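[1] How does the following fold in three dimensions:
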Amino acid sequence: MSADDFKISVLSSGSGGNCTYIETPQHKIIQDAGLSGIRIKRLMEGIGKDLTDVDTMLVTHEHTDHAKGVGILARKYGMNVYANEETWRAMDGKIGKIPVEQKYVFDPDTTELWGDLDVESFTVAHDAAHAQFYNYHHNGKSFVIITDTGSVSDHVAGLIRNADAYLFECNYDPEMLMNGDYSYSTKLRINSSTGHLSNQDSTEILMDVMGLNTKRIFLAHRSHHNNTKALARLTVASIMKNNGLGVGHDFQLFDTDVEKASPLITL
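    Okay, here's the model as predicted:
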């Protein structure tokens, strides 16, 4: 691995579980562990990597599809775990005991400098204790992960602008949501400013924040009940093309899946 290499794989993304792998020459990191330990182990093996090599886990918030495997992975593999104080409190009693020497606080809206990797945290609008996501910087390139938000503020838009790659929420199609089986209160929650982003809303935000550096966009955190891969991709691509953006030429759109990891790529 050269000093320039910045590798990523979306191990799992969707309403059923979320986990992403980030690698630089000095660090091997996973963000979130929303599946069982054995499933994450197998997903890692599928991209030719081993959890024993992971040194750090970052947790965005306490919801099960992001935190289910946090405790077991921390205990079994000895990795350091970072989350903000509110998220740690919200996970208390849900993930089991983690040795105190492995627990770290990553304050919202701050940047941690870890050798060849700078990690910038930012708060999102979601109905959790204090959901925060991360912008990873290595060797002049950046990778933004942002899901589980019902809106994106101007402040956050400024922080994530012109990244080389985005893992970006396309949670639901509004028509599928409103015509589906969820209770009315659940539909309102999902569609609220602290719920999730629709395919259309995500596209509008992406068109605002992406720039000339942006080459890869992963459509993420898709609802199994209120969306499909084909519909999410068609919606995003159509709106972007209608606005004159070079989908498939200037940048690529990628699907993500709960059950299958995306290939390990170098940014």
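[2] May I have the secondary structure class of the nearest residue to Asp32 once chain neighbours are set aside?
    Spatial nearest neighbour of Asp32, excluding adjacent residues (C-beta to C-beta, 6 or more residues apart in numbering): His66 at 4.3 Å. Any C-beta I mention is one placed from the backbone N, CA and C, and that applies to glycine too. Here His66 is helix, with the state taken from DSSP: H, G, I helix; E, B strand; the rest coil.
[3] List the residue ranges of this structure that fall below the pLDDT cut-off.
    Counting by pLDDT under 70, the chain contains low-confidence residues at 1, 3.
[4] Tell me the spacing between the spatially most central residue of it and Tyr136.
    Using C-alpha atoms, centre = their mean, the residue of the chain that lies closest to the mean C-alpha position is Ile145, 4.1 Å off. Computed as C-beta to C-beta, to the nearest Å, the Ile145 to Tyr136 distance reads 8 Å.
[5] What ranges does the protein have for its helices?
    Along the chain, counting by DSSP state H, helices occupy 37-46, 64-67, 70-77, 85-91, 154-159, 174-179, 184-190, 199-209, 229-242.
[6] hmm, back to that, ok, the residue nearest to Asp32 - contacts?
    Each residue near His66 by C-beta atoms under 8 Å, 6 or more residues apart in numbering is listed here: Asn18, Asp32, Ala33, Gly34, Val59, Thr60, Asp148.
[7] Is it possible to get TSV of those that adds distance to Leu245 and neighbour count?
    Converted to TSV, these look like this (distance: C-beta to C-beta, whole Å; neighbours: other C-beta atoms under 10 Å):
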residue	distance to Leu245	neighbour count
Asn18	27	29
Asp32	29	29
Ala33	34	30
Gly34	31	26
Val59	33	24
Thr60	28	27
Asp148	25	27
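[8] right, and the helices of the chain - which one's nearest Phe168?
    Closest to Phe168 of the helices of the chain, according to C-beta to C-beta: helix 199-209, at 5.9 Å.
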